[in-house]
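K.L.:
Return atomic coordinates for the entry below.
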Amino acid sequence: MIAVERLGEREHLIAVLPDRAAMRTFGPFLVPKDHYFVMGDSRDNSEDSRYFGTVARQSIVGRATLVLCSFDLSHYFAPRFARFFKSLNPDGA
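P.N.:
I've put the predicted structure just below:
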């Protein structure tokens, strides 16, 4: 099921998988200094910090820099070619 989520002033589509066993609520949670709370790419199908805890900054060795590919879940996974290989940096560098 596709739903709309509002976070502050922004809206975006999310996929809701009600038949999948998932941690639907979590927190509040205090992230320790120099640690990160990491989320997978699917709230209903990711074993992330909700399951294994926070990640120490010293353990993070990489950085996401671009979108490799993107698919529109609300349009039968149609490719969103305009987002392919786009920089994640606001200045485009």
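K.L.:
Show the contacting residues for the closest residue to F77 other than its chain neighbours.
P.N.:
Sequence neighbours aside, F71 is the residue nearest to F77 in space, at 4.5 Å (criterion: Cβ to Cβ, 6 or more residues apart in numbering). (Each C-beta comes from the backbone N, C-alpha and C, glycine too.) When contacts are counted by Cβ atoms under 8 Å, 6 or more residues apart in numbering, F71 touches 77-80.
K.L.:
before we move on, what about S74?
P.N.:
By Cβ under 8 Å, 6+ apart, the neighbours of S74 are 2, 13.
K.L.:
Just say helix, strand or coil for it.
P.N.:
Here S74 is recorded as helix under DSSP: H, G, I helix; E, B strand; the rest coil.
K.L.:
how near is it to H12?
P.N.:
S74 is 11 Å from H12, where distance means Cβ to Cβ, to the nearest Å.
K.L.:
Domains in the protein, by residue range?
P.N.:
Split into domains by automatic domain parsing, the chain comes to 25-61, 63-93.
K.L.:
Buried residues in stretch 23-37, which are they?
P.N.:
Going by neighbour count (16 or more other Cβ atoms under 10 Å), the buried part of stretch 23-37 is 35, 37.
K.L.:
er, stretch 58-66 actually
P.N.:
Under 16+ other Cβ under 10 Å, stretch 58-66 has no buried positions.
K.L.:
how distant is the worst-scoring helix or strand of the chain on mean pLDDT from the center of its chain?
P.N.:
Scoring the helices and strands of the chain by mean pLDDT, DSSP states H and E places strand 10-15 at the bottom, with a mean of 82. Offset of strand 10-15 from its chain centre (Cα atoms, centre = their mean, to the nearest Å): 11 Å.
K.L.:
Find the nearest non-adjacent residue to D72, please.
P.N.:
Distance criterion Cβ to Cβ, 6+ apart; nearest residue to D72, sequence neighbours excluded, is A78 at 4.8 Å.
K.L.:
cool, H35 as well?
P.N.:
T54 (3.9 Å).
K.L.:
so D44 makes contact with A3?
P.N.:
No - applying Cβ atoms under 8 Å, one finds D44 not in contact with A3, separated by 11.8 Å.
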